[in-house]
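Chemist: any chance you can model this:
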Amino acid sequence: MTAHPLFATAPMTIPRSLPALPPALRARDGLLLHRQNWPLSEPLGTVVLVHGIAEHSGRYAHVARQLQMWGWQVAAYDQRGHGRSGGPRGVLRREDDLLADVATVIAQVRQEAGCGPL
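Modeler: Now for the predicted structure:
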């Protein structure tokens, strides 16, 4: 039986540590999205935290610290219109803005963290 492609095991690689201060992140429409990292020097991999409605990434610092205690480094961002990110509260210019934003964050984190589990 073959594993589903989403659950296939990737070759083991050593992930790199995320930068303590992540670079500014611009969404496809130019909106600035605030990011923060909780890096480790030798992580098992990287977790990207995505907060819910009417929240911000800082509210998940306790989750990030617990994940670090388990060996995972963490990256998070404030969604548009939330926390320290730009944009009016509750407004999307396009219906897929949130999906495009998380794809942009994941691409940047993947580039920073290397090929380890994400």
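
Chemist: all the helices of this protein, residue numbers only.
Modeler: If you assign secondary structure with DSSP state H, the helices in the chain sit at 61-69, 97-113.

Chemist: and of these, who's closest to Q36?
Modeler: Each of the helices of the chain was checked against Q36 via C-beta to C-beta, and the shortest separation belongs to helix 61-69, namely 8.5 Å. Just so you know, the C-beta spots here come from the backbone N, C-alpha and C atoms, and that holds for glycine as well.

Chemist: would you mark the buried spots in that closest one?
Modeler: Under the neighbour-count criterion of 16 or more other C-beta atoms under 10 Å, helix 61-69 has 63-64, 67-68 buried.

Chemist: do the same with stretch 20-30
Modeler: By neighbour count with 16+ other C-beta under 10 Å, stretch 20-30 contains the buried residues 22, 25, 27.

Chemist: one more: stretch 77-86?
Modeler: For stretch 77-86, burial by neighbour count (16+ other C-beta under 10 Å) applies to 77-83, 85.

Chemist: and that stretch, how far from the chain's centre?
Modeler: Centre-to-centre, stretch 77-86 and its host chain are 13 Å apart (C-alpha atoms, centre = their mean, to the nearest Å).
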